[in-house]
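Visitor: sequence plus predicted model, see below.
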Amino acid sequence: MKKVNIIGVPEHFNLPWHMAIEEGAFTERGIDLCWTDIPEGTGRMCQMLQDEETDLAIILTEGVVKSITEGNPSKIVQEFIATPLLWGIHVGAKSAYKTIDELSGKKAAISRFGSGSHLMAYVNAQKEGWEIDNLQFEVINNLDGAVEALTKGAADYFLWEHFTTKPIVDKGIFRRIDDCPTPWPCFVIAATGRFISKNPSAIGHILEIINLYTSEFKNIPSIDKTLANRYDQQLPDIQEWLSLTRWSQEQIDRRDIDQVCKLLKELRRIEKILPFEDIAI
């Protein structure tokens, strides 16, 4: 049995992985796929890939592209979610800020530098016409840290996936001011260079299995109820999320990687643009 370590955020996007693991689909191919949740998100996962603390990661596209550009010897092996991620822009429930314009120059909570919440703060600033040099950040590590920072006023606003934070909004802890979708497909499957070079057949088996699960995922009877129960979501919210989300079974398009690189370069988040072949297999 080949042991393979895989990491991802504890969010509804990744249920197909858990179902495949729980149903023994990988063990039937001789693969012991060991999943670890990483609530800190993409910045932490990039570091784990670089340090070879994992073999695979389900990770935000912009985050891993930035990390690879900066020398992380990993590559994208396939696109996972073909649709944009809808980032909610949140403030504390008692915050005086009511509109997106009022957040210009204010402090953003981010899980860590290089994370999705960090990079998307720049994307949102450009979208709103803000001066990106005026952005300020407070590192909060994870969602619990964001709740504390926004409640106590250590940060002013926080970008995180719209539906993951919806229960916190419903409880009156966060107030959502606006949304900012990514301009590209949001999640990819990345692997360390060492794992890619030494385990091409294992990668092939893993992709074949997960692609089978994701291609049939929306057709599973009552999958909306399963998701709502497992991730503490309201059924109408999950149904809306399912309508907006499409899983991919193909490698990410070269044009999408080019778009990510060009925008990150424009926002001065990366210094150079790598060719597609250096970023994806």
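Guide: Yep, it's here.

Visitor: what residue is smack in the middle of the chain?
Guide: The centroid of the chain falls nearest to Leu60 when counting by C-alpha atoms, centre = their mean (3.7 Å).

Visitor: so who does it touch?
Guide: By C-beta atoms under 8 Å, 6 or more residues apart in numbering, the contact list for Leu60 reads Gly41, Thr42, Leu85, Gly116, Cys186, Phe187, Val188. For the C-beta atoms, the positions are set from N, CA and C on the backbone; glycine is no exception.

Visitor: change it to 10 Å
Guide: Listed by C-beta atoms under 10 Å, 6 or more residues apart in numbering, the contact partners of Leu60 are 9, 41-43, 45-46, 66, 81, 85, 115-117, 119-120, 161, 182, 184, 186-188, 190.

Visitor: so which residues of the stretch 101-250 of the chain form strands?
Guide: 107-110, 136-139, 157-161, 174-181, 187-192 (DSSP state E, counting those that start in this stretch).

Visitor: what angle do the third one and strand 174-181 make?
Guide: With axes from the mean of the first three to the mean of the last three C-alpha atoms, to 10 degrees defining the directions, strand 157-161 sits at 60 degrees from strand 174-181.

Visitor: coming back round to it: and the contacts of Leu60, which of them are in helices?
Guide: Among these, the members falling in helices (DSSP state H) are Thr42, Gly43, Met45, Cys46, Lys66, Gly116, Ser117, Leu119, Met120.

Visitor: most neighbours of all these, which one?
Guide: Thr42 (30 neighbours; other C-beta atoms under 10 Å).

Visitor: that one is in contact with Ile59, isn't it?
Guide: Yes - the criterion here is C-beta atoms under 10 Å, and Thr42 meets it with Ile59 at 5.3 Å.
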